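Student: Got a predicted model here, sequence first, then my questions.
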Amino acid sequence: MSSAVQMQPASAETVLTVNNIEVVYDHVILVLKGVSLTVPKGGIVALLGANGAGKTTTLKAISNLLHAERGEVTKGSIEFKGERVDKLSPNELVRRGCIQVLEGRHCFGHLTIEENLLTGAFTRKDGNAAIKRDLEAIYEYFPRLKQRRTSMAGYTSGGEQQMCAIGRAMMSKPSMILLDEPSMGLAPQIVEEIFEIVRILNSSEGVSFLLAEQNTNMALKYATYGYILETGRVVMDGPAQALRENEDVKEFYLGVSEGDRKSFRAVKSYKRRKRWLA
Amino acid sequence: MDILYKVFVEPFLFMGEAPDLLIQTLWEGLVSGVLYALIALGFVLIFKASGVFNFAQGIMVVFAALILVGLYEKGVPAFLALILAAVAMLVLAIVVERVVLRPLVNQPDIILFMATFGLTYFLIGFGELIFGGNPREMITDALLLPQGTTELDAFGGSIRLQHLDIAAAIIASIMIGILAVFFSKTRIGRALRAVADSHKAALSVGISLNQIWVIVWFAAGLVALVAGIMWGARSGVSFSLQIIALKALPVLILGGFTSIPGAIIGGLIIGVGEKLGEFYWGPLVGGGIETWLAYVIALLFLLYRPQGLFGEKIIERI
Amino acid sequence: MLYREAGQFKTNYVSDSAIFPLRQDRIGLGLIILAAYALAFLGNSFLLQAVMIPFLVFSLASIGLNILTGYTGLLSLGTGAFMGVGAYACYKLMTAFPDVNVIIWIFVSGFFSAAIGALFGLPSLRIKGFYLAVATLAAQFFLQWCFIRIPWLVNYNVSGALDAPLRTLFGIPIMGPNATPQTRYLLVLTIVIVLTWLASNLVHGRIGRMWIAIRDMDLAAELMGIRPLQTKLLAFAVSSYYCGVAGALLVFMWYGGAEYDVFNINQSFFILFMVIIGGLGSLIGSFFGAALIFILPIVLGIVLPAVLSPFGISVGSDVIEHLRFMIVGALIIFFLIVEPHGLARLWQIGKQKLLVWPFPY
Amino acid sequence: QDSIYVPLFTYRTGAFAGSGTYIADGMHDYLQMLNQRDGGIGGVKLVIEECETGYDTKKGVECYEAVKGKNPVMVNPWSTGITLPLIPRASVDKIPILSMAYGLSASARGDIFPWVFNPPATYWDGLSMIIKYIGEKEGGLEKLKGKKIGFIHLDAAFGKEPIPLLQELSKEIGFEVALYPVAAQDMQNQSSQWLSARRDRPDYMIMWGWGTMNGAAVKEAVRSGYPMDKFYSVWWPSEDDAKSGGAGAKGFKMLNWHAVGTNFPALQDIQKHVVEKGLSKSPKEKVGELLYNRGVYNSLLIAEGIAQAQKITGKKAVTGEDVRRGIENIKLDPARLKELGLEGFTETLTLSCSDHNGHRPAFMQEWDGTKWVKISDPIEPMTDRVKAQLDAAAKDYAEKNAGWPKRTEACDKAS
Amino acid sequence: MRAPDHPVMSKGDVLLAVENVSLGFGGVKALTDVSFDIRKSEIRAIIGPNGAGKTSMLNCINGFYYPTEGRITFKGVKRPKMRPYEAARGGIARTFQNVALFKSMSTLDNIMAGRSIRMNSSFFWQLFRHGPAMKEEVEHRKFVEEIIDFLEIQHIRKTPVGRLPYGLQKRVELGRALAMEPDLLLLDEPMAGMNLEEKEDMSRFILEVNQQYGTTIALIEHDMGVVMDLSDRVVVLEYGRKIADGTPDEVKRDQRVIDAYLGVAH
Ligand SMILES: Nc1ncnc2c1ncn2[C@@H]1O[C@H](COP(=O)(O)OP(=O)(O)OP(=O)(O)O)[C@@H](O)[C@H]1O
Ligand SMILES: Nc1ncnc2c1ncn2[C@@H]1O[C@H](COP(=O)(O)OP(=O)(O)OP(=O)(O)O)[C@@H](O)[C@H]1O
Ligand SMILES: CC(C)C[C@H](N)C(=O)O
Ligand SMILES: [Mg+2]
Ligand SMILES: [Mg+2]
C-alpha cells in the first residue's frame, strides 16, 4: 500500500529512529510485531490507529517505561540522536531531552498542581530562576492551571489534570516530546490551544514531537508526517498532506467520505471497517 | 457502680495524690514515645519515598547496632566504628535498591511489602550467621553517651530522669529536624513524594527512582543506626529487638504513614497514652494491656481521621 | 501440545461457567485429590504429621485470609488471633459437650471466629489500606491478651494451655495422642477439600464478584449498588470462619495442645506471606503459598546438611537455620521478581505457554 | 554398629538465643566429651543431634516429629511451651521427656506422668524456696504478713506456672501479691512494669524470665532505682543478664543448684577432649559459666538415665522405653558424682517411680558485680505447702484430659 | 423484568430535577446555584470547559457528593442524603471519566458484577453453586451475553479488562452500567480517546439503548459533533454556573457558549 505514498525524505536529520521493534507483555502477549518509524529533527510526526493498535506501547518502548509494566522489547533497536537508547533508564532519557506525556493523565495526586509542574524540572540543572520563568510560561499557556495551582492534583478535573501532565513534561525543557493522546478529555477550545502550543514549541524552540492521537483530524492538521498502526504493525505512512487525501484514511479516520461529515445519528450498524492487513 | 468508680474516679484521685508518679509516668511515656518515633521515622522515610511499607526496618535497627558493636569488639575505635556502620548501611541501601527494588518498580504496595519481608528473613539469617545469636551490650560509654540518673525531689516524692533518655530525646529531635528540612525544602523532597504517588509517572518525568531509593534507604539506615544505639543502650542489642519494630506500627498509623512530624507526635501520643493506661488502668484487668492499648488508641484516632493525624489525605474522586 | 483447549466447546452457560472448564484441569484435579488420599497410606508418619497436616491447615488459613485480603482487598494482620478464637471456641465446646462429635464442633467453632471477625471488621468501612491493618492488629493483640488473661477459656487448666482430649469417630480415635497421624491426616484432608470447594463456589459466584469489585475499585462498586459495609463484613466473617476452623485444626489435629503464643502476630504474618507469595485472589495460590513458606524451610532443613556434608562442611543446626532463613528470604524476593502476582500466576503463565507450545507466544 | 540417638532441642537463634546458646553448648559438650573420652556410654557411641527450635512451639513440635522416627532415647524440649503439647504424646510414642526444672510442675508425679521427668525441682519448689528465704531474712515466714511481693514474669505458660502457688501462699501467709506480666514481644520494653513497681513499692521482686527478658529486667530495675538486694529470680538468669545491669546490678539474687566454674574433673575433660579439639561451639571463656553448667547438668541426667537403663536391661543400645526406666532409677549421690568427676557439683538426686522430680533443695547466689557468689546453704522447698497443690494439679490434669491413661508401666524398685 | 417501584413515568415527564444546587470544597466552588431537569427518555448533554463542574454534577446526582445547597428530585421524590449504592439501587447507573473498571476481572465478570443488585439467591445456595444460585447465574448470564452481543465485544469476553485498550474498556464500562438496567444512565465522556469509527459505534449504542429501552441518558462529552448529533437538549456549565440550556441548535448559537467553550462555531 505504502508504495503509493511517497517515502519520507531521507535528507532531513532524524532525532529518533525506531527500527523494527517487537514488544511482548508478561512474557506471552505479543503486541508490537515489527514497528519502524523515524522522527526528523524538528518534525511533528503523528502515530495514528485504532484502539489497541499499539500506539501507547510504541511510545513506552521508546521512553523505556515498558519495564515498569512487565513489557519487553524483544527485537529491534531504538536510536535517539544517533545513540542506542534501548538500555537507558527513563531518567537518563529525560536528561537527554526525550520525555513522554503518559496517556490518561497520571498526575501526582497528592502534590499540588504547582508541585506537579516542578517535578517536571527534576532533571534540570539550570537554576531556580530559569525554572521559575518556565513555570510562568506554562501558566501563560494554561491559565486554568494558575487558578488551581495550590489544589491537590488528585482533586482537579480530568481536563485540568491533562493540562498539568502536558505542562509538567514541558517543564523538563525537552528536545523531543512523546505525546500520548493529548486531546483526550479536553474541551475543544483547549484542544486547539494544545495543538497550537505544539506548533509554537516546534517552530520557535525546535522541539520534535511524536504524537499518538485518536483525533486524526487535528493530528494530521498539525503533523508533518504520519504513521498508521494496525494491530502492532505499521500499515501506512506518508506526509500528513498525502494521508489527509488518502481515500481510506478519509473514510475511516476522518469520517469525511463523499465530501461531507456524516451525522453520528446516521451511523448504520452493519458498517464494518476494512482492514489493511489482518 | 463500683466499677465506674474504679475506672473513672480512682485513677484520677491517685494522679492527684501522687503527682510525682504522674510526672514520672508522663516522662517515661515521653521517652518511650521518642524511642518509638525513632523507629517509626525509618518507616516513614521509606514509605514517603516509595510507598513501600518496609518490614525490614526492625532488623535494620538490629543490624546497624550489631555492626557497630561488632566492629568495636574487634578493636575498631568507637567513632570509626560508627562511621563504618553508617557506610555499611549505605552499602545495604545500594544492594537493596539493585537487587530488590529495581526489578519491582511499579508493583503494588503489598508486593513490595512482601519483598521487604523476604529481605528481613535474609538479614536475620545473614546477621545471625555473622554475629551469632547472643545479645550484646551497647557501647554506651565509648560513644560518650551520658549515663546516670538525676533524681529531682518534687511533689512529695522524687522523679528520676535518666541522662541517657534525655540524650535520646535531644538526638532524636535534632535528627528529626534535619530530616524534616531536608525532605521538605529540597527538590529531592518533592521528588520523593512524587515517587510515592506513582512510580510510573515519576519515571516518565525523569525522576531517577534508583537514586531516590538509595538516598532514602540510606537515610532510613542512619535512623536505624541511631535507633539501634538508643534502644541498645536501654535494653541491650539482640535480635529480639527486631520485634520492637512492631511498636512502631500504631505510631505510624496514628501519625500517618507519610509524615515526619506525624511519627513524632504519634510516638509521643502512643508512648504517653500507653504508659498512662497501663499504669493507672492496667491493674484493673490484670495488667499487660499495653500490648494492645496502643492499637486501640490508634484505632480511635483513625475512626475520626482515616488517614492518621498528619497523613496525606486519601483522595477519593471519580 | 498436550494442553490445549481446542475442540472443547461449551454448549450451555452452566458448563461454560464451570470452575474448571477444561477437561485436562478436571482430570488433573481429580488425580491430585486421589494422590492426596493415597498419601495417607503411603506416607510415613513424619510426612503426614509434620508436613502434610500443617501444610493443609495453613492452606486453609491462607484461603481464609485470601478471601479477605486477596479477594476483597482488606489487609488483615489479625489472622493468628482469629485462628485462636476458633481453637478456643472449639475447646470450650467440646469440653462442655463431650458427647457431640468433635467434627461438628470443629465446624461450629468457625462461627465464633466469624462473629468476632465481623466485629473487628466494622472499622473497615472508614479505614482503608495499611491503615486498616491497625484495626486487625488491635484484634490480634487484644484477643491474644484475652486468651492468656481469661482462664475460663482453658477451663482453669493449670498449664494454661489447650490440649486435645481423646475423641473418637465410630470408635476410632481421631483426636488426642492416640489418634494416628493417618486418621488425622484423612480428617484434615477431607475438611480442607470440602471447605476449599465451598470457597471456590463462593468466589466464583455473585458474592465473589462483589468482593473483587470492592477490591478493584471500591467507589465504583458502591456506585453500582454494592453495599460496601455488608460486603466487607461478609468477607470478614467468611474469612474468619476459615481461619477459625484452621485454628481448631491446628491445635487439635496437629500440635495436640498449644499455648496462646501459637496465635501470635508472627502467625498472622506467616499466613499473610503465604497468601501474597501464593497469589492474592487465588485459591490454588493459597496452597502454593503454604507450600513455599511452610514446606520449603523443612525441605531445606533436610536437604542442606545433605548437600553440604559431601564437601566436608558439617555445620551445626544453627548454621543450617541461618542458611535456611537466608535462602527462604532470597527465594521470596526471587519469586516476587519473577512474578509479582504470585505463584498462582506463574502457574497460569506456565499453562499458557503450554497452550502455545512449541511457539514462544 | 550400635549407637544411641540423643536429640537435643536447642535454640541458637531467635529472641531466646542469648540464653539458649550456652545451654546448648553445655549439653552438647558433655555428651561429646563422653563420646571422645569413653567412646560413649557403656561402650555405645552417642549420636548427638541438635534440632533448632528457636524457642518456638511450632518448630519444637516439628523437631519432635523429625526425631520421633529415629528412636530417640529421650527428648529435651527446653521450653515449657514445647513441653506441654509433647506431654500427652510421650506415652503414646514411648519417648521420655526430660524437662529439667521447667515444664509442668505437676508432671513430677511419676504415677500419673510416667513418661515425663522434671528434676531436680519444680517451679513450685523454686518459688517456695525464694519465699522461704526471704521469710527467713525477715525473721520468719509469718513476718511476711502484710508485705508486698512483686512477681514479674514472662506472660506465657512458663511465667504463669508458679502463680497459683504464689496466690495460695499469699493467702496462707498473708502477704500481698502484685503481678507484672511481660509480653513476649515487649521483653525489651519493660518500663511500664518497673514504673508500676514504683507505684506499688513491693518489698520484694521475684522474677520468672528467660532470654532477653532477664537482662532487660535487671537493667530496668537499676534504672528505676529498685533496691537490687530485694530482687530475686528463679534459676534462669545468666552472667550476661546480670552484667547488663552494670555496677548497679550488685546484690541481685537467684536460685541455683549446681556449681559454676570448671573446677571439676569432668569439666576439665570437656575442655581437654572437646573444647581444645575444636569440637565445641562455645568460646573458651564461657565454659563453666552458669548456663553452660546448667546444660552440663542436663546432659548428666541424660547420661545417667542411659547408664542406668543399660544396667537394668543389660542391653547396650537402649531404647526410649529402657531409658524411661533408667531415669526412674537415677541415684546421683556424692559417690556417684565423684565417680563421674563431678564431686561437689550438685546435691544428691534420687528419682523413683512415683517421684520424677526429687524436689531437691537449691541455694541462693548473689551477683557481686562480676560473678555469682553462693550466699546460702541449700534451701529445702516447702514440701508441706507445695505437695497438696501439686497432687491436686496432677489429678486435675488427668481428669480434664479425658482418656488420660492409667500408669501401666511397671516399677523397677519399690517406692 | 423488574416491576417499577415508583409511579410509572412516561416519555417527557421530568425524571430528575436539579434545583439551585451548589457544591463547594473548602475554598473551591465546583457548582453554584445550578438548576436544570432531565426528562424521561431523553438524551441530555452536559457540556462546558474543563473544570466547569460537569463531573461534579454527575457525582451529586448519583449520591457520591451531597450538594451543599439546593435539592435534587428523582422520580418526583426529593432525594435525602444518601449513600451512592442507594442511588444505584434507585435506578441510576453511570460510567466514569477515568475508567473505573474492576481491573482484574474479565469482561464477562465485570458486566455480571453490574447485575449484583438484581441477583439475590441466598448465601447458602451460593456456597453450593447449585439450585437457585446456579439458576440465577445462568439467567443473568444470558442477559449479560445479550449486552455483550449488543456491544460487539464477544471476542474479549474472557479477557481481564486491565489488558484491554482504552476504547474497549470504555465499552465494557458502558456494558456494566447497562447491566444494571437503569432508569437514568450517566455517561461521563464515554468517547474520550476514541477514534472516529469507535465514536460512531459508541453513538450507535447510546442511541439504541435510548430508543430500545427508553433509558434516559445524561451525557458529558467534549466532541461537539457527537453532542450536537445525539442530544435532545444541552445544558452548558462554566465555572460551576449554568450559562445556557436548550436544544443543540440554540446552544450552538449562544454567544456565551461560543466564547466560553466552543471557540469557533461548529
Ligand atoms: N500491561 C499490559 N499487559 C498486557 N497487555 C497489554 C498491556 N498494555 C497493553 N496491552 C495490550 O497491548 C495492545 C496495545 O495496547 P496500546 O495501549 O499500546 O494501544 P493504543 O494503540 O495505545 O490504544 P488506545 O488508543 O486505546 O490507547 C492492546 O491489545 C493491549 O491489550
Ligand atoms: N473532591 C474535590 N475536592 C476539591 N475540589 C474538587 C473536588 N471535586 C471537584 N473539584 C473541583 O471542582 C471543579 C469541577 O470539577 P469537575 O471534575 O466537576 O469538572 P469537569 O467539568 O468534569 O471537568 P473536565 O471536563 O475537565 O472533566 C474542578 O476545578 C475541580 O478541581
Ligand atoms: C530454660 C527454660 C526451658 C525455661 C523457659 N523459660 C521455660 O519455658 O520454662
Ligand atoms: Mg494508547
Ligand atoms: Mg469531568
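Tutor: Great, that's in hand. Numbers count the residues shown, from 1 in each chain, chains lettered A, B, ... in the order given. Ligands and ions are numbered 1, 2, ... in the order given.
Student: does the helix or strand hosting C:Met274 come close to chain D?
Tutor: Per DSSP states H and E, C:Met274 falls inside helix C:265-278. Yes. Judged by Cβ under 8 Å from any Cβ of the partner chain, helix C:265-278 and chain D are in contact via C:Ile265. In short, each C-beta sits where N, CA and C put it, glycine included.
Student: burial measure for residue 203, as a count.
Tutor: Defaulting to chain A. By the criterion of other Cβ atoms under 10 Å in any protein chain shown, A:Ser203 has 11 neighbours.
Student: I was after chain C.
Tutor: Quick note: C:Val203 (other Cβ under 10 Å) scores 24 neighbours.
Student: Residue of chain D closest to ligand 4, please.
Tutor: D:Gln185 (49.8 Å; Cβ to the ion).
Student: In space, what's closest to that residue - neighbours in sequence excluded?
Tutor: B:Ile243 (4.7 Å; Cβ to Cβ, 6 or more residues apart in numbering or on different chains).
Student: check which helix or strand covers the one you found.
Tutor: helix B:241-255.
Student: Between helix C:265-278 and that helix, find me the angle.
Tutor: In terms of direction (axes from the mean of the first three to the mean of the last three Cα atoms, to 10 degrees), helix B:241-255 departs from helix C:265-278 by 80 degrees.
Student: now for helix B:241-255, which elements pack on it?
Tutor: helix B:19-50, helix B:57-73, helix B:209-235, helix B:260-276, helix B:290-304, helix C:132-149 (3 or more Cβ pairs under 8 Å, 6 or more residues apart in numbering or on different chains; DSSP states H and E).
Student: pLDDT score for residue 129?
Tutor: Since no chain was named, I'll use chain A. pLDDT for A:Ala129: 88.
Student: Wait, chain B was what I had in mind.
Tutor: pLDDT, B:Leu129: 88.
Student: Please tell me how far it sits from ligand 5.
Tutor: 57 Å (Cβ to the ion, to the nearest Å).
Student: just B:Pro283 next, same as before
Tutor: In terms of Cβ to the ion, B:Pro283 sits 58 Å off from ligand 5.
Student: Output the set of residues of the stretch 151-278 of chain A in proximity to chain B.
Tutor: Checking the stretch 151-278 of chain A against chain B by Cβ under 8 Å from any Cβ, the hits are A:Met152, A:Gly154, A:Tyr155, A:Arg168, A:Ala169, A:Ser172.
Student: Highest neighbour count among these?
Tutor: A:Arg168 (29 neighbours).
Student: ok, and the closest non-adjacent residue to D:Val116?
Tutor: In space, D:Val116 is closest to D:Ser107, 4.0 Å off (Cβ to Cβ, 6+ apart).
Student: got it, and B:Ala37?
Tutor: Here the residue nearest B:Ala37, using Cβ to Cβ, 6+ apart, is B:Gly267, at 2.9 Å.
Student: What residues does that neighbour make contact with?
Tutor: By Cβ atoms under 8 Å, 6 or more residues apart in numbering or on different chains, the residues touching B:Gly267 are B:Gly33, B:Val34, B:Leu35, B:Tyr36, B:Ala37, B:Leu38, B:Ala40, B:Val251, B:Gly255.
Student: Three-state assignment for the closest residue to chain A within chain E, please.
Tutor: Chain E approaches chain A most closely through E:Asn50 (2.5 Å), counting by Cβ to the nearest Cβ. E:Asn50 falls in the coil class when you classify it by DSSP: H, G, I helix; E, B strand; the rest coil.
Student: Give me the pLDDT for the residue of chain D closest to ligand 4.
Tutor: Model confidence at D:Gln185, expressed as pLDDT, equals 81.
Student: For it, what are phi and psi?
Tutor: Here is the backbone geometry of D:Gln185 (degrees, to the nearest 10): phi -80, psi -10.
Student: ok, now C:Leu125?
Tutor: Per degrees, to the nearest 10, the backbone of C:Leu125 is at phi -70, psi -40.
Student: residues near it, how many?
Tutor: 14.
Student: so what's it up against?
Tutor: Neighbouring residues of C:Leu125 by Cβ under 8 Å, 6+ apart: C:Pro228, C:Leu229, C:Lys232.
Student: Show the buried residues in these.
Tutor: Restricting these to buried positions leaves C:Pro228, C:Lys232, with burial counted as 16 or more other Cβ atoms under 10 Å in any protein chain shown.
Student: And the contacts of C:Leu125, which is closest to A:Val191?
Tutor: C:Pro228 (37.4 Å; Cβ to Cβ).
Student: could you point out which element follows the longest helix that chain E contains?
Tutor: Secondary structure of chain E per DSSP state H: the longest helix is helix E:131-151. Using DSSP H and E, the helix or strand that directly follows helix E:131-151 along the chain is helix E:166-179.
Student: pLDDT weak spots in the chain?
Tutor: Here I'm looking at chain A. Low-confidence segments of chain A (pLDDT under 70): A:1-12, A:252-262, A:267-278.
Student: oops, I was thinking of chain E
Tutor: The model of chain E has pLDDT under 70 over residues E:1-12, E:263-266.
Student: The residue nearest to the spatial centre of it: which element?
Tutor: Centroid-nearest residue in chain E: E:Leu186, 1.7 Å away (criterion: Cα atoms, centre = their mean). Here E:Leu186, judged by DSSP H and E, is contained in strand E:184-188.
Student: show me the contacts for the residue of the stretch 301-415 of chain D found nearest ligand 5.
Tutor: Ligand 5 sits closest to D:Lys400 of the stretch 301-415 of chain D, with a gap of 67.5 Å, by Cβ to the ion. Residues near D:Lys400 by Cβ under 8 Å, 6+ apart: C:Thr95, C:Asn155, C:Asn157, C:Asp163, C:Pro165.
Student: would you turn these into a markdown table with secondary structure and distance to chain E?
Tutor: Shown next, in a markdown table, are the contacts of D:Lys400 (DSSP: H, G, I helix; E, B strand; the rest coil; distance: Cβ to the nearest Cβ, whole Å):
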| residue | secondary structure | distance to chain E |
| --- | --- | --- |
| C:Thr95 | helix | 29 |
| C:Asn155 | coil | 33 |
| C:Asn157 | coil | 36 |
| C:Asp163 | strand | 33 |
| C:Pro165 | coil | 31 |
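Student: In TSV, list the residues you listed along with distance to B:Arg305 and pLDDT.
Tutor: Converted to TSV, those look like this (distance: Cβ to Cβ, whole Å; pLDDT from 0 to 100):
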residue	distance to B:Arg305	pLDDT
C:Thr95	45	88
C:Asn155	43	83
C:Asn157	43	77
C:Asp163	45	81
C:Pro165	48	80
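Student: Kindly state the pLDDT recorded for the closest residue to chain E within the stretch 251-361 of chain C?
Tutor: Scanning the stretch 251-361 of chain C for proximity to chain E using Cβ to the nearest Cβ identifies C:Gly281 as nearest, at 6.7 Å. At C:Gly281, the model reports a pLDDT of 87.
Student: Save the helices and strands packed on helix B:241-255 as a markdown table, and put in mean pLDDT too.
Tutor: Shown next, in a markdown table, are those (pLDDT from 0 to 100):
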| stretch | mean pLDDT |
| --- | --- |
| helix B:19-50 | 87 |
| helix B:57-73 | 92 |
| helix B:209-235 | 89 |
| helix B:260-276 | 89 |
| helix B:290-304 | 87 |
| helix C:132-149 | 88 |
